[in-house]
Every structure is written in C-alpha cells, then in structure tokens.
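**Q** Coordinates for the following, if possible.
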Amino acid sequence: MAPSRHRSLLVSLVALPLLGIAAGAAADTGAGHWIFDHPFFPHRARIGVQVQPMSPELRVHFHAPEDRGLLVNRVEAGRPAEAAGLSVGDVILTASGEPMRQPYDLVRAVGLVESGESIELVVLRGAKQKKIQVAPEGEATPWVDPQRLGAEWLERGRHHGGEELRRRLHDLEQRFEEFEREL
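**A** Model (predicted):
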C-alpha cells in the first residue's frame, strides 16, 4: 500500500470514531437539539428556548439597551419557557441578575440552576420590562462554570461517556479487522 493510502487510512480511522459519536448523538437527539443533549450530557438543565444576539437594528426595533439583550426566536412547545410565558420576540435582558449578551450567557445561567429551583429572567416585551420565573428541566451542569466543576460530576460523565466510547471502539476494531482481511 502506498504511503499516501496509509495516511488516508489512518486519518479515516481517527476521524471515524469522532464522526460516529457525533452522528449517534445527532440521531438520538432529534431535530432542534444540540450535541450536549446526548449521549454525554443527557440531563443538562434547559428551558426550551432558542436565542440570538441582537444587531443594532434589532435593538432599535425592540427598544433594547445597547449593552445587553438576547432575542428569543423560538420557544419549544411543552417546555419550561413556554409554561412560564416566554414568547418569540421577547428580549432577555438578565438571568439571575446577570446581563445577557451572548447565547452562551443564558446557557451558563440556566445550567447553574439546581434541580427544583427556578431562574428569574428580566425580559423586554413591547418596550416594557417583565420578570419571569422559569424552572429549568434537567440537572444543574457544572461544566458551564469551571469553578463549580466537581469530581463527582466528572466521574459520572466519564462513566456514562466511557461506556458509549468503549462500545463504539469495539465496533470500530471489528470493522478494522474485517477491512484488514479484505485487503
């Protein structure tokens, strides 16, 4: 086999597990969910909204301040945000008193809420501020704040993720052996 074919094979063998994990995660989560939903973070705290940063034009249109605000562009049916009364077109100004500037700010704020607790969102709706309490579903996720990352949570993630990786690695090893036999 030519050296370039060896390199191609090696790259394929390295990339295959990563693609397999990503494809498996995408297949298991369904439309509208992102990779952290499964298999490694199946119980991550979430409220069921999709937000976007605001352009200067959107800030003017929605009467939002220049220094903060995330536009809600999707509210999932049957999820905590809908139950709490969030609507498409709301502008989330703060969550737990922290200014919301980028979508990750909201992911982090929601992820730090302990199970059974709620988070206070200050939203702008029709040029008026409104406070909304939302109780996230799922578990607090310390990965969103490295200072809160604990050994117990890491061990649980390693255990659950490790099982999936071992299974996929075993499948890949079997495929590689079959591939070698064919060559």
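
**Q** Please count neighbours and contacts with C-alpha atoms only from this point.
**A** OK.

**Q** Can you say which helix or strand has Leu172 in it?
**A** Leu172 belongs to helix 151-182 when assigned by DSSP states H and E.

**Q** Where do the strands of this structure begin and end?
**A** Using DSSP state E, the strands of the chain run over 49-53, 70-75, 91-95, 98-99, 119-125, 128-134.

**Q** so where's the chain shaky on pLDDT?
**A** For the chain, the stretches with pLDDT under 70 are 1-44, 142-162.

**Q** Count residues in the vicinity of Ser55, would you?
**A** Using other C-alpha atoms under 10 Å, Ser55 has 12 other residues around it.

**Q** show me the contacts for it.
**A** For Ser55, the contact set (C-alpha atoms under 8 Å, 6 or more residues apart in numbering) is empty.

**Q** ok, it to Arg101 distance?
**A** 11 Å (C-alpha to C-alpha, to the nearest Å).

**Q** Same question for Glu137.
**A** Applying C-alpha to C-alpha to Glu137 and Arg101 gives a distance of 23 Å.

**Q** okay, these two: which has more neighbours?
**A** Glu137 (23 against 19).

**Q** Show me the beta-bridge partners of the more buried one.
**A** Taking DSSP bridges, one obtains Arg46 as the residues bridged to Glu137.

**Q** In contact with it, which residues are there?
**A** By C-alpha under 8 Å, 6+ apart, the contact set of Glu137 is Arg44, Ala45, Arg46, Ile47, Pro80, Ser115.

**Q** Only whichever of those are buried, select them in ChimeraX.
**A** Here is the ChimeraX selection string for the buried members of those, based on 16 or more other C-alpha atoms under 10 Å:
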select :44,45,46,47,80
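
**Q** Now do the buried residues in stretch 56-73.
**A** Neighbour counts over stretch 56-73 (16+ other C-alpha under 10 Å) mark Arg59, Phe62, Ala64, Arg68, Gly69, Leu70, Leu71, Val72 as buried.

**Q** Show the contacting residues for the first one.
**A** Contacts for Arg59 were tallied using C-alpha under 8 Å, 6+ apart; they are Pro65, Glu66.

**Q** Fine, thanks again, bye for now.
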